[in-house]
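Participant: prediction below, plus the sequence it came from.
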Amino acid sequence: MIPSTVPGPRPVLRHRHPRPMPLRHVIMLALAAEILVMGWCWADHYRPPGIVVDATFTEGHEIT
């Protein structure tokens, strides 16, 4: 079978300017950047959680 030389319909090319980024996406990117920067700033200030131990007054109940 011989291929057809008649081209099919071409897609319509629309030359539009791309839409600007929605405001909610800009706000989400700004929030993500702020979280990264604040995490980097506070990384050296990490203190592992401690356990508060009160002295016991009952004999035999000692924490060693």
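Facilitator: Nice, I can see it.
Participant: what are the buried residues along the helix or strand hosting Ile27?
Facilitator: Under the criterion of DSSP states H and E, Ile27 resides in helix 23-42. Across helix 23-42, burial judged by 16 or more other Cβ atoms under 10 Å covers no residue at all. Heads up, the C-betas are built off the backbone N, CA and C, glycines and all.
Participant: quick one: low-confidence parts of the protein?
Facilitator: Filtered on pLDDT under 70, the chain yields the residue ranges 1-6, 13, 15, 46, 48, 50-56, 58-64.
Participant: still on that earlier bit, CA atoms of the helix holding Ile27 as CSV?
Facilitator: Only the C-alpha atoms of helix 23-42 are listed here, as CSV (Å, rounded to 0.1, in the frame of the first residue of the first chain):
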residue,chain,number,x,y,z
LEU,A,23,-0.3,34.3,43.9
ARG,A,24,-1.0,31.2,46.1
HIS,A,25,2.0,29.4,44.5
VAL,A,26,4.2,32.5,45.1
ILE,A,27,3.1,32.5,48.8
MET,A,28,3.8,28.7,49.1
LEU,A,29,7.3,29.2,47.6
ALA,A,30,8.0,32.0,50.0
LEU,A,31,6.9,30.0,53.0
ALA,A,32,9.0,27.0,51.9
ALA,A,33,12.0,29.2,51.6
GLU,A,34,11.4,30.8,55.0
ILE,A,35,11.1,27.3,56.6
LEU,A,36,14.4,26.2,55.0
VAL,A,37,16.2,29.4,56.1
MET,A,38,14.8,29.2,59.7
GLY,A,39,15.7,25.5,59.9
TRP,A,40,19.2,26.3,58.8
CYS,A,41,19.6,29.1,61.3
TRP,A,42,18.2,27.0,64.2
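Participant: that helix - contacts with which helices or strands?
Facilitator: Helices and strands touching helix 23-42, by 3 or more Cβ pairs under 8 Å, 6 or more residues apart in numbering; DSSP states H and E: there are none.
Participant: how close does Arg10 get to Ala30?
Facilitator: Distance, Arg10 to Ala30, using Cβ to Cβ, to the nearest Å: 42 Å.
Participant: I meant to write Cys41 there.
Facilitator: Cys41 is 16 Å from Ala30, by Cβ to Cβ.
Participant: please consider this matter closed, and thank you.
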